[in-house]
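Colleague: Got a predicted structure plus its sequence, pasted below:
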Amino acid sequence: TPIAPSDKAAQTARLDIIDMIPDLQLQLIGAQAMIRDMTWSPLNLVTLQTINRFKIAQHVPLNSPISYAELSTLTSVPEPSLTRLLRHAMTNRIFSEPTRGFVAHSEASRLLAADQKLDSWVFFLVEYFWPATARAVDAMQKWPDSQNPTEVGVTLMKGEPTTWFKEIAQADRGIASFRDAMSVVSEGEGWQDSYLVENYPWGDVGKGVVVDIGGANGHTSIAIAEANPELTFVVQDLHTEGNSVPDHVKQRISFMNHDMLNPQPIKDADVYFWRAVLHNHPDAVVLKSLQSLVPALKPGARIIIQDFGLTHPGEGRLADESYERMMDIMMMSLMNGKERELEQWKALFEQADPRFKWGGGSKPDGSRLWIYSVTWEP
Ligand SMILES: C[S@@+](CC[C@H](N)C(=O)[O-])C[C@H]1O[C@@H](n2cnc3c(N)ncnc32)[C@H](O)[C@@H]1O
């Protein structure tokens with residue numbers, strides 16, 4: 001954003017204005033037009049899909065305009081369609097037309113040309129997410145309140161049982177590209193590892209072992225390790241091959257392939273944590289993964305979850321609640337996962353095993369993710 005994070009007053013004003021936008025829009029255009037515009041929103045994806053699939057942004061010179069005719073030759077999109085699609089994109093401030101018949105970059109199209117991660121993000125969203133979510137309501141009707149990650153729109157899109165991650169792994173660009181793409185979200189405002197580093201009393205753990213379940217490439221463990229020299233880490237995920245960590249923490253971080261639905265192999269660790277993992281899964285899977293920990297736990301072991309939450313309706317900023325609820329519908333649509341209110345997280349632990357002692361949860365200021373803590377008290 002154009003405002004420095006340290007300028008608190010300006011940041012608050014900025015967030016206040018963002019929260020006013022939906023009501024301002026409603027007042028200015030009226031309810032009927034607001035709903036009409038929502039139903040037309042897939043048309044934005046038609047233009048984005050064209051831009052992405054034909055690499056149009058990459059074919060527009062960075063510093064000079066190009067004619068529609070020449071761009072059509074370079075991208076193989078027929079000139080009449082290209083012209084219509086790009087002129088629509090321009091109303092969303094993607095590209096500009098400084099002289100009639102010529103296309104130039106805007107700030108947004110320049111980003112589409114230069115940012116490989118954003119390019120991958122658009123690819124997965126328009127080619128997979130969009131058609132899968134278009135079948136989400138059909139899936140909900142076919143399999144009401146399902147706890148099965150295959151009973152989703154992705155399966156209806158494919159015509160055979162499958163999961164979101166299976167489809168992504170088989171995509172032309174592959175899983176590595178999807179991980180790249182995810183950084184468009186995970187490098188965004190409020191996602192930084194520093195929120196977990198700074199908002200949990202790691203110092204109280206002393207010298208100990210921390211297990212990072214579903215830890216992907218270990219970025220969170222690396223951040224915690226850098227701030228806590230007495231801790232050692234085991235990063236577990238379904239596939240951990242090929243990950244590397246910086247030399248200065250190498251001695252204290254190891255990787256291990258582990259499915260969290262199998263019994264936890266690292267016994268008597270001091271801390272077990274999941275970061276942004278469990279919201280991907282339905283309650284039945286979360287319960288099983290919590291129960292899979294039990295045989296490994298020593299008295300006093302700490303369990304931490306850093307994940308999304310759901311603020312009670314109307315209690316937080318509108319934009320924040322909107323983000324949380326959008327995530328919730330995304331989890332439901334793609335994998336029958338869900339976002340959960342504080343009380344729902346607590347209830348899951350109680351249901352998993354009454355020896356889990358709930359320690360509460362909160363969302364640090366500025367963070368998108370909540371931190372929930374539990375101890376094992378047999
Ligand atoms: C959204 S990513 C979060 C990764 C990382 N914790 C972070 O915060 O960036 C979810 C991770 O959970 C892992 N995962 C999914 N199912 C799993 C399972 N059954 N056992 C272990 N890891 C799993 C995925 O492979 C993926 O790396």
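Modeller: Received the coordinates, thanks.
Colleague: Look up how far the ligand lies from the residue lying closest to residue 236 once chain neighbours are set aside.
Modeller: Leaving aside its chain neighbours, residue 236 sits nearest to residue 258 (3.9 Å; criterion: Cβ to Cβ, 6 or more residues apart in numbering). The C-beta positions use only the backbone N, C-alpha and C, and glycine is treated the same way. Relative to the ligand, residue 258 is positioned 6 Å away (Cβ to the nearest ligand atom, to the nearest Å).
Colleague: Could you say whether residue 77 sits in a helix, a strand or coil?
Modeller: At residue 77 the chain is in coil, as set by DSSP: H, G, I helix; E, B strand; the rest coil.
Colleague: so how many other residues sit close to the closest residue to it other than its chain neighbours?
Modeller: In this structure, residue 77 finds its nearest non-sequential neighbour in residue 54, 5.2 Å apart by Cβ to Cβ, 6+ apart. Counted with other Cβ atoms under 10 Å, the neighbours of residue 54 add up to 18.
Colleague: and what of residue 206?
Modeller: Residues within reach of residue 206, counting by other Cβ under 10 Å, total 10.
Colleague: sorry, back to before: surely the residue nearest to residue 77 is in contact with residue 74?
Modeller: No - counting by Cβ atoms under 8 Å, residue 54 does not reach residue 74; the two are 9.1 Å apart.
Colleague: how about residue 293, what does it touch?
Modeller: Applying Cβ atoms under 8 Å, 6 or more residues apart in numbering, we find residue 293 in contact with 264, 272, 303.
Colleague: from the chain's centre, how far out does stretch 161-171 sit?
Modeller: 17 Å (Cα atoms, centre = their mean, to the nearest Å).
Colleague: That stretch close to the ligand?
Modeller: No - when contact is scored as Cβ under 6 Å from any ligand atom, no part of stretch 161-171 falls within range of the ligand; the minimum is 7.4 Å.
Colleague: Contact partners for the residue of the stretch 201-350 of the chain found nearest the ligand?
Modeller: Closest to the ligand within the stretch 201-350 of the chain is residue 214: 3.1 Å, counting by Cβ to the nearest ligand atom. For residue 214, the contact set (Cβ under 8 Å, 6+ apart) comprises 236-237, 260, 274-275, 277.
Colleague: tell me which residues in the helix or strand containing residue 13 are buried?
Modeller: For residue 13, the host element (DSSP states H and E) is helix 8-29. By 16 or more other Cβ atoms under 10 Å, the buried positions in helix 8-29 come out as 15, 19.
Colleague: Run a quick neighbour tally on residue 298.
Modeller: Residue 298 has 11 neighbours, counted by other Cβ under 10 Å.
Colleague: next one: the one 5 residues further on
Modeller: Taking other Cβ under 10 Å as the criterion, the count of residues near residue 303 is 22.
Colleague: wait, is residue 303 part of a strand?
Modeller: Yes - Residue 303: assigned to a strand according to three-state DSSP.
Colleague: what bridges to it?
Modeller: residue 272, residue 374 (DSSP bridges).
Colleague: Spell out the secondary structure type for residue 372.
Modeller: Recorded secondary structure, residue 372: strand (three-state DSSP).
Colleague: Now it: closest residue in space that isn't a chain neighbour?
Modeller: Leaving aside its sequence neighbours, residue 372 sits nearest to residue 361 (Cβ to Cβ, 6+ apart; 3.6 Å).
Colleague: name the element that neighbour belongs to?
Modeller: Going by DSSP H and E, residue 361 is part of strand 356-362.
Colleague: pLDDT of that strand, averaged?
Modeller: The predicted model assigns strand 356-362 a mean pLDDT of 97.
Colleague: ditto for stretch 109-119
Modeller: Mean predicted confidence for stretch 109-119 is 96.
Colleague: Pull the distance from that stretch to the chain's centre.
Modeller: 18 Å.
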